[in-house]
Structure formats: C-alpha cells, structure tokens
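**Q** need coordinates for the below:
(2 chains)
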Amino acid sequence: MLELKTPSDFEKIDEILKECEYKKTNLITILQKVQAIYRYLPQEAIEYIGNKIDGLSPATVWGVATFYAQFSLEPKGKYEIKVCDGTACHVRGSMPVLEAIKNKLPMEKGKMTTSDGLFSVETVSCLGACSLAPAVVINGKVYPKMTPDAVLIIIDTLMKENE
Amino acid sequence: MKTELKININEEKEKAIQLVKEQGRRILVCASTGCIANGALELIEEFKKLGANVGVLGQKDKMSVIPTGCIGFCEQGVLVVIPDRKITYVHVKKEDVKEIYESFVNDTVVERLLYVDPALNKPIVNNEEINFYKKQTRTALKNCGHINPESLDEALSVGAYAALAKVLEINDQEYVIKEIEDSGLRGRGGGGFATGKKWRSVYRHQGGKSYVICNGDEGDPGAFMDRSVMEDDPHKLLEGMAIAAFAVGADEAYIYVRAEYPLAIKRLRKAINDAEKRGFLGKNILGTDFNLKINIREGAGAFVCGESSALIASIEGERGMPRPKNIHMAECGLFKRPTLLNNVETFANVPLIILNGAKWFSSMGTEKSKGTKTFALTGEVNNTGLIEVPMNTTLRQIVFDLGGGIRNGKKFKAVQIGGPSGGCLTEEHLDMPMDYDKLVEVGAMVGSGGLVVMNEDTCIVEVARFFMNFTCNESCGKCTPCREGTKNMLHILEKIVKGEGTMEDLDRLEALAQVIKQGSLCGLGKSAPNPVLSTLKYFRDEYIAHIKDKKCPAGVCKSLKTITINPDLCKGCTKCARNCPVGAIEGTVKNPHKIDQSKCIKCGACITNCPFKAISCN
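**A** Got it, this is the predicted structure:
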C-alpha cells in the first residue's frame, strides 16, 4: 500500500499538480489522476491538494471529491467490479447478477471492498453497452450478457489467479 | 469577403481516397465497445495471423482489414462486413475468421454466418435487404461503421472538413447561422431548443473571449447515441464544433465526456491531435486566421452534469450543481463569458447541413421537427442497436420493422423514452410519429433518444421505482423539493412494490410530483416525476393491483410473489429441495414436495431446477 507520510511520498501528487498548472479549474482532472495512482483518494492527498492550490481549501476539495460518484474515499479492490444498472440492464436482469456477486463476496456492512482487498463491487448507472445487457465491467473489460452463474465463473477464475 | 484557403480540401480528399484505394479490398470488423466485449479484437488478431494488413494506410496491398466504429446492429456482434460485395456476417467468432478469409479471396459466401431474418426465416446475402438497415436514413451516423475512426485520412476520404473549408472560404458568420436557422435543426440533447436561435444569441454577444461546449455527458441510462458518434466518427463532431465556433466567434472549446466512455475519450484525443497536425484545428485553421483549441474534460460520474449550468460548474472544477439562469449563458456562461453549448448529435448534423443545404435537411421529418434522429433501441426487442430515422417515423416502424418485434414472441407492453426524465409510450402511441412536440403532448419527451422496450413480463411499477431511485440518487441536493421530494416518492413506490401501499399513496405521489416539478431549478428536478406520472396515467390499474389485490401482474415484485409446487406434476425427485438456498422445501423422495412460505426468499432457484415444470410463480 502506498503511504502518504513523509514529504517524498507526495512527489507523485506534486507532479500531477505541476502538470495541471496548479489551476483550481483543473481540480477534477487532478483528483482523477490521483485516484488512478492510489485507487482511491487518501485523506492526506485531499488536504495536501487543498492547501497547495490558490483559491482552494481542503474543505472545498472534500466537497468536490464527495460530489462525484467516480471518486472513492476508501481503497478499491484489485478487481473493480462494476455492475451496470442502466435501464436496459435492469430490465434484462442486472439485479440477480449483483445479488449473486454479493453472496459470493461477503462484505462488511457499508463497505464496498472485500476485507482481503481483492474485490470491490458497485453499481453504475449506464455504461452505454445497452445491447449487451446485462453488462458487468471488471477493471475496464466488458463482460456481455451476464447471468448469475456466468459472473460466478468469472469471479472464481479471478480468485484462482490470486491463490 | 471570400478568402482563399491555403489548404485545398478537394486535393486532400483525393489524396486520402488514393491512400484508401491502395489498401485494396476491404474487410470491415466492428471494433466498438459492444463488439470488443464480444471479442472483436481477438478476431482482428486472427486476421493478422493470416497475413492481412490491418488498417495501416500508405501500405500497398491487395486487401486490408479495417477496425471500424459501431455498425449499429449490436445484437448480432461481432459484425464483419465485406463492403464491395455488400455482405454482412453476424455473430462471428475467432474460429470463423479463416473461413471468412478464404471465402473473401475466392469470392464465395459463408452462408452459415449470414443474418437470418426472423420473419422470413431465411439468410440474407445482400446487406441492403436487412430490414434493420433498409428502414434507416443514416446522416449523422453515415460514416459510423464504414471508416476507421482512428484515421484522419479515412475521414477525409469520405468528406471530413469539407464543410469547414466551405464555411471558411465564404467567411461569413451570418451565412452559417442563417443556414442552421433555416434548416430547422433543434437540439438533440433533449430539450429540442432551436439550434440556430441559440447560435444567434451567442453571436450577438461576441467580442472578447467566447466558448463553445459540446455536451457529451450522455447520462441517460439506456442511451448510447452520442457515445457512438464520439467513438466512431470523431472528426465529424470536431468539424461541427469548429463551424459553430467560427459562427459565434469563439476560439476555445470544451468537450465534456463521461468518464464511463474511455474509448470515446481516447479516440477524441487522437482525432484532435491528428487534425491539429494537419491544420484542420488549432492555429490558423486551413491557413486562415481562424483559431480553435479544443479541450477534453472527463466527467466524474454525476448525472446532473448533463444539465448545462451544472456542466459548466464541473468544467470550472466545482461541484456540478446547477445555477439559476436569470442571466443567459449566451451572455455569461463558462468562466463568465458568452458560451454556446450543444449536444454531440446536434454538432454532428452541422457539417451535413452546410454541405447539402438547409433545404435538404428540412425536407426530412415533420413540420416542426426536422431531419433525422438517432435512437438507442434496447430492452426486450429482437434487434437491439443504434438506429437513425427521419423524425416522422412511427414507434411501430421502429419497434416492429427495424427492431424485429419483441423477443421470444412475447407481447409488447410499453417503451420508455427519454430515460429518467421521459415517460412511457404504450400500444395506443404506436402509430404516432416520434417528433418533439407530439411526444411532449402525451407526457413523454425525445430526451437524448434512449428507447427501452418492455414486454408483458416487465412490471411498470417496478420500472417507475427504478427511475425514481435513479433520480433520487442523482439529485444534487440544492433544491429541497427535488432532494426531499424524490426521496419521499421513492419511499412510497417502495411501499407499493412491497404490497404495503394504500390508495391515498397514489394521490400523494401526484401531489409530490407537482411540488417537485414546480420547485426545482434544473431539468433534473423538473422532469424527475415524469416516469411516475406517465405510468400512473397509462398503467394505473397495475398500481391498483399492487395495492388492492397485493399482486404484481407481471410477477416481478418479489414481496408479492408466491411460489408453489403443483402436487399433480411433482414426482418427488428432491432436486428443488437440494437447490433451495434457505431450506424452505420439504418432502420425502417420490412424494410431492411443499414450500414453506415463511422461509421462501423467492429466488426462483427451484423453478429453474425442476425437471417436470411443476413449480410456478404467480
């Protein structure tokens, strides 16, 4: 796990800030780039960015980070499972697929990541892959026309790869 | 004031056509999000192994494999098209590549991979005869699926940037705006505001810095038209934006794309880069003094950012909350400067209007809704995919002719149009043309164009709950009626699908709907109650069945389901009891089993596992 304690830990964030010209209008892009490295937005990073950019405060950055669904304040799993629950997927049975995943991967209440940090599960509103409904995306790869059985086979395969 | 261009667009086009010709005969493989998920990239690799040149221009060859954008017929993916012989192969797998390759060389046809028309029950050789395509008029999507979207030369070979060249040569902003006004083009993002009128008001405020913004935050669940334009023909969008920027006097533009569309972002970035290098964008476009810098902004997953003022807040790096519109965006928009904001599809129509003239465009469609509209046809219909039809096309033509009817021979129930802001259309609307004003009259809207078809097995109340859950989650929280109202409407709908609703709840839903509509600042709140209102209007009896009879007529709502075993059909094989996850089924071998209703979680595992069809659900 990457840590943000000593000044040198913040070098990567400094690079991003420089690339984005320390502009407050680039805040969302900055947060996206930080999340791409850490797989979530560590509180230390949010505070650091808020203090480094003119016209921003940690509170404002926090406000932006909590507004958008893409940003996560807790670490995401190695495999990010996104179950599409757009209209087309919903009508064609995305919820049974989600239930099957949740039964397979028990998580603490209120958490979206398994305790071993391997999987995180969330629903997304629409991936625009409606003709493949119901669709599931794992780390950017789209799995079309999912069924509860099919998705369990995929998860089993991923688990075996990590044994 | 005609200007002479330093780059001759016709010469560029001829050169590009020559390059494409040198590639030899073409095999097109659909490489859009849908087909990639079905294995298009592996397929292309197979072609490579057989020695085919894959989409590299400037290489002389007898034949080439071209990865294209979405061909539209997503249900049948992966699609492979042999354009010079008008053959379309469907459901192509990696294993089929060799056979296709050989038949291509020998000019034969792989019959087993042809599309079989469900009505005629025979394979169709000439792809122009496929109903799905025959009934469409592709203008905005014209090049999608025919060119390699990552190649500027391929785009040039089919006429990209010719309209921009024409505009810059004529060098008259008034002319451009007049053409758009005369064409009758209306905003394709949902509202249907007259595009020409919008352009003129931004033009009036020109003088300092102005901006053009393209709204590519296609958040409506069940819609992917804009994704296709951005992924499959990015140069058309860029050209449309450049023409708009010229017309309103802007020199900087933003495309706001959802982060859920990574391929669109990648291809747009490449397209902008390529176009800048060749002088079609950037500084001194086509050698004139017109400059345009186009930036891409990735959204971060907030539906409300599809709303214009919230989108601007998001580009400025803030929480995407709508702002009051007492001062018009044409005067004070992005960074407090005059701003023109249009949807992807609106911009994609612009180059065609400029090239073919306003009259050509306004000859299509109805009196007040001109041109064509793209729709994403999804749900319980045979041919899901992306379509483009003139605006006077009826719903029946779309669902039954293009869509090939309802899958598995089920009965048509309704179509949800316009996503969570729209409404539903029922059997009585089948013969109505899909035009802006007609749809508003019946309580729906074109929206961005998502059409989700529902059959008799879809519970309308559950769908209304689904949409309310969506808007409730996506409400930004600024206006109390929207923030609290959607929560309360959702709560009532949840009660109803659980069988705990009362008849007074229906009145409460309608009363809350009015408050939310009148008391919200932006389109999200104003339209959030639409799905509930329109389903209450057309399917009130289904709500009543949930409330009074405690029954879900479609058999979807779990709490209202009872699963029973028919003792006459049950052979006592124990398979259901073994598969029941909660041990709710009791019985001894060779004797009829019984379900303990207090334990049953209605998962349906017993129904799918019963070899004798003895278990049913009502």
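
**Q** quick one, phi/psi of residue B:391?
**A** Phi and psi for residue B:391, reported as degrees, to the nearest 10, are phi -70, psi 0.

**Q** give the burial count for it, as a bare number.
**A** Residue B:391: 20 surrounding residues under other C-beta atoms under 10 Å in any protein chain shown. In this view, the C-beta of every residue, glycine as well, is placed from N, C-alpha and C.

**Q** that one against residue B:438, yeah?
**A** No: Residue B:391 lies out of contact with residue B:438 (C-beta atoms under 8 Å); the separation is 9.7 Å.

**Q** mutual contacts of these two, please.
**A** By C-beta atoms under 8 Å, 6 or more residues apart in numbering or on different chains, residue B:391 and residue B:438 have these common neighbours: residue B:366.

**Q** quote the end-to-end distance of stretch B:441-459.
**A** 24 Å (C-alpha to C-alpha, to the nearest Å).

**Q** packing partners of the longest helix seen in chain A?
**A** The longest helix of chain A (DSSP state H) is helix A:148-161. When contacts are defined as 3 or more C-beta pairs under 8 Å, 6 or more residues apart in numbering or on different chains; DSSP states H and E, helix A:148-161 sits against helix A:94-104, strand A:136-138, strand A:141-143.

**Q** chain center to the host helix or strand of residue B:275, what's the gap?
**A** According to DSSP states H and E, residue B:275 maps onto helix B:262-277. With C-alpha atoms, centre = their mean, to the nearest Å as the basis, helix B:262-277 stands 21 Å off its chain's centre.

**Q** so, in contact with chain B or not, the least confident helix or strand in chain A by mean pLDDT?
**A** In chain A, no helix or strand scores lower on mean pLDDT, DSSP states H and E than helix A:87-91, which sits at a mean of 82. Yes: applying C-beta under 8 Å from any C-beta of the partner chain, one finds that helix A:87-91 is in contact with chain B at A:87, A:88, A:89, A:90, A:91.

**Q** quick check: residues of chain A near chain B?
**A** A:23-29, A:31-32, A:63-64, A:67-71, A:85-92, A:124-133, A:135, A:140-144.

**Q** chain A: helices as residue ranges?
**A** Along chain A, counting by DSSP H, helices occupy A:11-19, A:27-38, A:43-52, A:58-67, A:87-91, A:94-104, A:148-161.

**Q** among those helices, which is the most enclosed?
**A** Comparing the helices of chain A by mean neighbour count (mean count of other C-beta atoms under 10 Å in any protein chain shown), helix A:87-91 comes out on top with a mean of 29.

**Q** what's that helix in contact with?
**A** With contact meaning C-beta under 8 Å, 6+ apart, helix A:87-91 is reached by A:83, A:126, A:130-131, A:133-135, B:221-222, B:378-380, B:384, B:416, B:419, B:450, B:452, B:454, B:458, B:463, B:466-467.

**Q** try 6 Å this time
**A** Outside helix A:87-91, the residues that touch it by C-beta atoms under 6 Å, 6 or more residues apart in numbering or on different chains are A:130, A:133, A:134, A:135, B:221, B:222, B:378, B:379, B:452, B:458, B:466.

**Q** widest-spaced pair of those?
**A** Longest distance between any two of the contacts of helix A:87-91 is 18.5 Å, between A:135 and B:458; criterion C-beta to C-beta.

**Q** could you tell me the least trusted of the helices of chain A?
**A** Among the helices of chain A, helix A:87-91 carries the lowest mean pLDDT, a mean of 82.

**Q** name the helices or strands packed onto the biggest strand by length in chain B?
**A** Ranked by residue count, the top strand of chain B under DSSP state E comes out as strand B:372-379. On a contact count with 3 or more C-beta pairs under 6 Å, 6 or more residues apart in numbering or on different chains; DSSP states H and E, strand B:372-379 meets helix A:87-91, strand B:385-390, strand B:450-455.

**Q** thinking again about what came up before, now the angle from the longest helix of chain A to helix A:94-104?
**A** Calculated by axes from the mean of the first three to the mean of the last three C-alpha atoms, to 10 degrees, helix A:148-161 forms an angle of 40 degrees with helix A:94-104.

**Q** please parse the chain into its domains.
**A** Assuming you mean chain A. Per the record, chain A has its domains at A:7-67, A:79-161, by automatic domain parsing.

**Q** my bad, chain B
**A** B:19-128, B:152-362, B:372-455, B:460-549, B:561-617.

**Q** put together TSV for those, with mean pLDDT and distance to residue A:47 on each row.
**A** Below are the domains of chain B laid out as TSV (pLDDT from 0 to 100; distance: least, C-beta to C-beta, whole Å):
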stretch	mean pLDDT	distance to residue A:47
domain B:19-128	88	37
domain B:152-362	94	17
domain B:372-455	90	36
domain B:460-549	95	24
domain B:561-617	88	45
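
**Q** of those, which is nearest residue A:7?
**A** With C-beta to C-beta as the measure, domain B:152-362 is the member of the domains of chain B nearest residue A:7 (25.5 Å).

**Q** can you give me the end-to-end span of that closest one?
**A** Using C-alpha to C-alpha, the end-to-end distance of domain B:152-362 comes to 29 Å.

**Q** is the helix or strand where residue B:228 lies positioned near chain A?
**A** Remark: residue B:228 resides in helix B:225-232, with elements defined by DSSP H and E. Yes: contact of helix B:225-232 with chain A (C-beta under 6 Å from any C-beta of the partner chain) involves residue B:227.

**Q** buried sites along that helix?
**A** B:225, B:226, B:227, B:228, B:229, B:230, B:231, B:232 (16 or more other C-beta atoms under 10 Å in any protein chain shown).

**Q** count of neighbours near the closest residue in space to the third one that isn't next to it in sequence?
**A** With C-beta to C-beta, 6 or more residues apart in numbering or on different chains as the measure, residue A:128 is the residue that lies nearest to residue B:227, at 4.4 Å, once sequence neighbours are left out. Residue A:128 sits with 31 neighbouring residues when counted by other C-beta under 10 Å.

**Q** shouldn't residue A:128 be in contact with residue B:225?
**A** No: using C-beta atoms under 6 Å, residue A:128 is not in contact with residue B:225; the gap is 9.2 Å.

**Q** residue boundaries of the helices in the stretch 451-600 of chain B?
**A** All helices of the stretch 451-600 of chain B, identified by DSSP state H, counting those that start in this stretch, fall at B:460-474, B:480-497, B:503-519, B:523-527, B:530-538, B:540-547, B:575-579.

**Q** that older thread, show me how far the least confident helix or strand of chain A is from its chain's centre.
**A** The mean C-alpha position of helix A:87-91 is separated from the chain mean by 22 Å, C-alpha atoms, centre = their mean.

**Q** and the helix or strand that the helix holding residue B:228 is followed by, what does it pack against?
**A** Later in the chain than helix B:225-232, the nearest helix or strand by DSSP H and E is helix B:234-248. Applying 3+ C-beta pairs under 6 Å, 6+ apart, we find helix B:234-248 packed against helix B:162-170, helix B:173-183, helix B:195-204, strand B:211-216, helix B:262-277, helix B:344-356.

**Q** elements contacting the helix or strand following helix B:234-248?
**A** Counting by DSSP H and E, the next helix or strand C-terminal to helix B:234-248 is strand B:252-257. Packing contacts for strand B:252-257, counted by 3+ C-beta pairs under 6 Å, 6+ apart, involve strand B:211-216, strand B:293-298.
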